[in-house]
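Student: take this sequence and fold it.
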Amino acid sequence: MAGSAGWQLREAIRDRLGDEQGTIRRTAERRVALCYPSPYHVAMSSLGFQSIYRVWNEQPGWACERAFLPDDLAAWREAHLPLYTVESELPVGDADVVAFSVAFELQLGGLFDSLALSGLPVLASEREGRGPLVVAGGPLTFSNPLPLGPFVDVVLLGEGEEVAAQLLRAIDAEPDRGRLLAALALLPGFWVPSIHGERLGVIAACDDGLLPAYSQVLTPHTELSSMFLIEPERGCSRGCTYCVMRRSTNGGMRLVPPERVLGLVPAHARKVGLVGAAVTDHPRLPQILRGLVDSGRTIGISSLRADRLNDEIVGLLAAGGYRAITFASDGASERLRIAVERKTKERHLLAAAELAAKHRMDHVKVYQMIGLPGETDADIDELGRLTREMAKIIRVVLGIAPFVAKRNTPLDRTPFAGVREVEGRLSSLRRALKGRAEIRPTSARWAWAEYALAQGGMEAGLRALAAHRAGGSFAAWQRAFADTAGRAATERRSLPVV
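Tutor: As a prediction, this is how the structure comes out:
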């Protein structure tokens with residue numbers, strides 16, 4: 001039975017691979033298994049993951065192949081299959097380098113499962129320098145990579161285009177594992193936990209000449225089906241105090257000219273997604289949108305700002321296939337938005353709803369945070385009133401997320417509001433809306449777990465492993481962390497840099 005089940009699982013992956021455009025099949029002496037600790041349909045919507053896949057396949061003597069957390073982890077285990085790459089079905093544990101792209105804190109569980117399926121000890125200390133070099137990078141490294149420390153040999157901090165290539169050159173130059181790690185520990189953009197401990201170095205920023213990142217592979221089997229992703233800008237010029245990607249990060253906002261953006265879109269790409277922290281802040285965005293719409297393409301944008309929307313932009317979005325627009329408020333009241341330096345005003349949100357209705361959108365989705373410092377019942381009341389006013393114009397969906405303080409932001413160390421408090425605010429909001437808008441909240445319990453990792457050190461990673469091994473339930477997380485999460489913001493000390 002296991003053999004038959006294993007064959008079916010492999011065939012499903014081969015069929016999915018056959019539907020891709022842009023797959024790189026490369027033969028080389030050394031190989032990287034680039035792993036995403038979530039399933040394929042999530043991973044292939046990650047622009048950073050796709051970019052590093054291309055970068056590593058451009059390095060002489062190296063081939064990079066992808067691996068993903070199985071869609072059905074239980075079935076994979078029951079079939080006794082190892083984690084393997086999709087291009088050549090190389091067992092991940094047989095690669096020279098195993099690299100993980102980690103987007104957010106709770107993907108640690110996927111990293112644990114991926115290492116175990118690869119036949120590799122989860123703890124770096126138990127590998128004792130044997131087997132492949134285990135590396136991590138990705139968006140999480142902009143805020144707090146410390147919980148990754150017990151499980152990896154090296155972490156690439158920040159933007160990966162240049163440090164990823166530098167890593168493979170360093171491996172080529174130094175075959176001895178100990179001397180390699182010592183050499184990497186001296187370089188900016190690399191964190192070697194076994195040498196640095198909890199001392200983090202400089203976050204890497206790639207040369208602007210390497211921008212933009214763009215998709216290598218198009219696939220229908222993903223969250224953004226067959227959509228070609230490209231960044232017209234990187235970073236942000238704004239100063240929102242809760243955001244890692246603010247104007248103080250890697251030089252703020254860096255623009256890509258419309259001509260270069262449009263020139264990189266392949267002819268076969270019929271859907272194009274513009275990705276970045278502040279796409280609607282690009283001063284020449286209408287030119288980019290017009291070029292895409294006039295070529296008959298469907299478009300998407302990762303980050304609409306209500307205060308930047310106007311009739312031209314929303315009209316182009318509608319012409320490009322938009323049936324709903326999504327933007328963020330990120331503060332329950334104007335008072336809170338001012339406090340966190342969010343520029344969006346009530347008038348901007350109402351105007352965005354009017355524009356969406358004018359261009360026959362189905363609804364607007366507004367992202368909102370609950371649990372910001374200083375939040376009161378009056379702030380929730382204001383959110384309810386504003387949402388009711390917007391709902392008179394167009395159908396409204398509220399995406400509600402509890403506020404989780406991140407390192408490398410001005411709101412670092414801010415305590416988590418509390419699970420009961422957040423759930424109480426949600427109940428108040430539901431009563432205020434009386435069904436006039438749809439509320440789609442994320443879990444306050446898992447936001448608590450995210451907070452424990454976002455504010456924790458390497459010890460937090462070990463506690464996450466204990467919770468994972470105990471079944472991964474919220475109760476297991478509570479037992480593993482006890483009350484350390486509540487103390488993290490007040491007891492943590494600033495760490496020196498390398």
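Student: list the beta-bridge partners for Leu304.
Tutor: Going by DSSP bridges, Leu304 is paired in beta bridges with Phe327.
Student: low-confidence ranges in the protein?
Tutor: For the chain, the stretches with pLDDT under 70 are 1-2, 483-498.
Student: the longest helix in it is where?
Tutor: Across the chain, the longest stretch assigned as helix under DSSP state H is helix 2-18.
Student: quick check: buried residues in that helix?
Tutor: For helix 2-18, the neighbour count (16 or more other C-beta atoms under 10 Å) marks Gly6, Leu9, Ile13, Arg16, Leu17 as buried. C-betas here are computed from N, CA, C, even on glycine.
Student: same question for stretch 388-403.
Tutor: Across stretch 388-403, burial judged by 16+ other C-beta under 10 Å covers 390-391, 393-403.
Student: measure that stretch end to end?
Tutor: 23 Å (C-alpha to C-alpha, to the nearest Å).
Student: stretch 350-365 too?
Tutor: By C-alpha to C-alpha, the extent of stretch 350-365 from end to end equals 12 Å.
Student: and stretch 80-98, by the same measure?
Tutor: Terminal residues of stretch 80-98 lie 20 Å apart, using C-alpha to C-alpha.
Student: and what of stretch 94-106?
Tutor: 26 Å.
Student: how far is that stretch from where the chain is centred?
Tutor: Counting by C-alpha atoms, centre = their mean, to the nearest Å, stretch 94-106 is centred 13 Å from the centre of its parent chain.
Student: buried ones in that stretch?
Tutor: By 16+ other C-beta under 10 Å, the buried positions in stretch 94-106 come out as Asp94, Ala95, Asp96, Val97, Val98, Ala99, Phe100, Ser101, Val102, Ala103, Glu105, Leu106.
Student: kindly reformat those as a markdown table containing distance to Tyr40 and secondary structure.
Tutor: Output for those, formatted as a markdown table (distance: C-beta to C-beta, whole Å; DSSP: H, G, I helix; E, B strand; the rest coil):
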| residue | distance to Tyr40 | secondary structure |
| --- | --- | --- |
| Asp94 | 21 | helix |
| Ala95 | 18 | coil |
| Asp96 | 23 | coil |
| Val97 | 21 | strand |
| Val98 | 17 | strand |
| Ala99 | 17 | strand |
| Phe100 | 15 | strand |
| Ser101 | 13 | strand |
| Val102 | 16 | coil |
| Ala103 | 14 | coil |
| Glu105 | 21 | helix |
| Leu106 | 18 | helix |
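Student: between these, which is nearest Val42?
Tutor: Ranked by distance to Val42 (C-beta to C-beta), those are led by Ala103 at 8.8 Å.
Student: let me know whether the closest one touches Leu140 as I believe.
Tutor: Yes: using C-beta atoms under 8 Å, Ala103 makes contact with Leu140 at a distance of 6.3 Å.
Student: and for those two, which residues touch both?
Tutor: Common neighbours of Ala103 and Leu140 are not found (criterion: C-beta atoms under 8 Å, 6 or more residues apart in numbering).
Student: Trp56 versus the residue nearest to His221 when sequence neighbours are not counted, what's the distance?
Tutor: Leaving aside its sequence neighbours, His221 sits nearest to Arg16 (C-beta to C-beta, 6 or more residues apart in numbering; 5.1 Å). Counting by C-beta to C-beta, to the nearest Å, the gap from Arg16 to Trp56 is 21 Å.
Student: so Val32 is in contact with Arg66, correct?
Tutor: No: using C-beta under 8 Å, Val32 is not in contact with Arg66; the gap is 9.7 Å.
Student: now Ile439. Nearest residue, chain neighbours left out?
Tutor: Leu398 is the one closest to Ile439 (C-beta to C-beta, 6+ apart), at 4.9 Å.
Student: skip ahead from the helix or strand containing the one you found and say which helix or strand is next.
Tutor: For Leu398, the host element (DSSP states H and E) is strand 395-402. Next in sequence after strand 395-402, counting helices and strands by DSSP H and E, comes helix 419-433.
Student: so which elements touch that next one?
Tutor: Helix 419-433 is packed against strand 363-370, helix 377-391, strand 395-402, strand 438-441, helix 444-454, with contacts defined by 3 or more C-beta pairs under 8 Å, 6 or more residues apart in numbering; DSSP states H and E.
Student: distance from the chain centre to the last one, please.
Tutor: Taking C-alpha atoms, centre = their mean, one finds the center of helix 444-454 at 16 Å from the center of the full chain.
Student: now the angle between helix 419-433 and it, please.
Tutor: Put simply, helix 444-454 runs at 140 degrees to helix 419-433, going by axes from the mean of the first three to the mean of the last three C-alpha atoms, to 10 degrees.
Student: what do you get for the third one?
Tutor: Here strand 395-402 points in a direction 170 degrees away from that of helix 419-433 (the same axes, to 10 degrees).
Student: mind listing what strand 395-402 pairs with, with the direction of each?
Tutor: Partners of strand 395-402 in its sheet, by DSSP bridges: strand 363-370 (parallel), strand 438-441 (parallel).
Student: quick one: the strands in the stretch 201-350 of the chain, in order.
Tutor: Assigned by DSSP state E, counting those that start in this stretch, the strands in the stretch 201-350 of the chain fall at 227-230, 233-234, 254-255, 271-274, 298-301, 324-328.
Student: now those strands in CSV, with distance to Arg284 and mean neighbour count?
Tutor: Shown next, in CSV, are these (distance: least, C-beta to C-beta, whole Å; neighbours: other C-beta atoms under 10 Å):
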stretch, distance to Arg284, mean neighbour count
strand 227-230, 14, 24
strand 233-234, 10, 26
strand 254-255, 8, 18
strand 271-274, 12, 22
strand 298-301, 14, 20
strand 324-328, 20, 20
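Student: between these, which one is nearest to Glu159?
Tutor: strand 233-234 (7.9 Å).
Student: so which other helices or strands are in contact with that closest one?
Tutor: strand 254-255.
Student: what packs against the strand it packs on?
Tutor: Looks like strand 254-255 contacts strand 233-234 (3+ C-beta pairs under 8 Å, 6+ apart).
Student: roughly how far out does the strand it packs on sit from the chain middle?
Tutor: Distance of strand 233-234 from the chain centroid (C-alpha atoms, centre = their mean) equals 15 Å.
Student: about what we covered before: and the angle from the strand holding Leu398 to strand 324-328?
Tutor: Going by the same axes, to 10 degrees, strand 395-402 makes 30 degrees with strand 324-328.
Student: and the contacts of strand 395-402?
Tutor: 326, 353, 362-371, 387, 390, 416-417, 422, 426, 429, 436-442, 444, 447-448.
Student: from Val217, how far off is the most centrally placed residue in the chain?
Tutor: Using C-alpha atoms, centre = their mean, the residue of the chain that lies closest to the mean C-alpha position is Ala103, 3.6 Å off. Using C-beta to C-beta, Ala103 is found at 17 Å from Val217.
Student: and stretch 171-189, how far out from the chain's middle?
Tutor: On C-alpha atoms, centre = their mean, the centre of stretch 171-189 falls 28 Å from that of its chain.
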